[in-house]
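Trainee: build me a structure from this.
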Amino acid sequence: MTGNISAVFGTHDEKTLEQLRDVGSRAERVALMADGHVGYVMPIGGVAAYDNKASVVGVGFDIACGNAAIRTNLTIEAFDRPMLDHIANEIQRQISFGIGRKNESSDAPVDDPLFESPAWEALREVAGKHEHDALWKKARQQLGTVGSGNHYVDVFADETGTLWVGVHFGSRGLGHTIASGFLSLSQGKRWGERVRETEVLLDLSQPLGEAYWHLMELAGAYAYAGREWVARQVVGILGGRELEIVHQSPQLRLEGAA
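Mentor: Here you go, the predicted structure:
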């Protein structure tokens with residue numbers, strides 16, 4: 001390997017490797033996974049390590065996009081095809097899918113403790129009261145919605161026939177707006193002003209970097225809360241009971257949130 005490139009797994013086209021070398025010129029170490037391909041600035045499948053700094057474009061925009069699954073007390077043998085078709089229709093009716101959707105459920109989690117987190121004050125400080133209030137309102141309306149693209153809700157059976165509910169999505173408009181806002185601020189522009197995607201590193205020991213860190217934690221907790229709410233709603237549609245919930249990483253907790 002050369003320079004700060006620690007490892008490259010698999011075979012990649014020159015444009016992907018060029019992106020990796022460019023990121024490596026600013027990072028302490030970089031590596032590329034076997035499924036890597038061209039991204040915006042950081043190649044998809046790339047990993048970069050920085051010294052007390054954060055790269056907004058490196059972290060990306062669909063913050064904390066990931067998976068959660070609930071193992072239920074139900075088995076596939078209890079359901080025939082018409083019942084499963086009915087359940088699929090109910091999921092589509094009761095869960096909000098698509099860009100910009102609001103959670104229309106009567107028990108939408110608009111009072112989740114994360115909305116009282118002190119991290120919101122960091123948003124007010126960097127973006128201003130108007131942007132803070134608008135995003136806080138939007139986040140409350142969208143919590144528990146799935147989005148579009150490769151985001152999904154799935155009901156599946158394991159090798160024992162036990163039914164699981166699986167979901168995949170991230171922090172919705174909250175995470176994307178925060179990431180886009182800091183991309184603008186990192187280039188000396190106003191929050192919300194459109195800028196080109198280029199890598200600027202935020203020093204985590206400085207106020208802007210510290211605010212970014214806290215708000216990324218907030219977006220992560222938001223994604224986890226949304227996935228849990230949706231998965232549990234689907235368990236209710238199935239008429240089942242939750243036996244365990246599995247996340248792809250430990251539960252995020254914010255100071256001031258239960």
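Trainee: you'd agree A31 is in a helix?
Mentor: No: counting by DSSP: H, G, I helix; E, B strand; the rest coil, one finds A31 to be strand, located in no helix.
Trainee: centre of the chain versus the longest helix along the chain, how much separation?
Mentor: In the chain, assigned by DSSP state H, the helix with the most residues is helix 207-238. Computed by C-alpha atoms, centre = their mean, to the nearest Å, the chain-centroid distance of helix 207-238 equals 7 Å.
Trainee: buried residues, it. List them.
Mentor: 208-209, 211-212, 214-235, 237-238 (16 or more other C-beta atoms under 10 Å). Every residue, glycine included, has its C-beta placed from N, CA and C.
Trainee: what does stretch 68-78 give?
Mentor: 68-72, 74.
Trainee: got the residues you listed as a markdown table, with secondary structure and pLDDT columns?
Mentor: Formatted as a markdown table, the buried residues of stretch 68-78 follow (DSSP: H, G, I helix; E, B strand; the rest coil; pLDDT from 0 to 100):
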| residue | secondary structure | pLDDT |
| --- | --- | --- |
| A68 | strand | 96 |
| A69 | strand | 98 |
| I70 | strand | 98 |
| R71 | strand | 98 |
| T72 | strand | 98 |
| L74 | strand | 98 |
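Trainee: could you count how many residues lie near Q92?
Mentor: 11 (other C-beta atoms under 10 Å).
Trainee: next one: C65 relative to G46, how far apart?
Mentor: 16 Å (C-beta to C-beta, to the nearest Å).
Trainee: if you could redo that for G36, that was the one I meant.
Mentor: Applying C-beta to C-beta to G36 and G46 gives a distance of 6 Å.
Trainee: kindly report the same for A119.
Mentor: From A119 to G46 the distance is 28 Å (C-beta to C-beta).
Trainee: what touches both of G36 and G46?
Mentor: Shared contacts of G36 and G46 (C-beta atoms under 8 Å, 6 or more residues apart in numbering): L20.
Trainee: does W120 belong to a helix, a strand or coil?
Mentor: Of the three states, W120 takes helix according to three-state DSSP.
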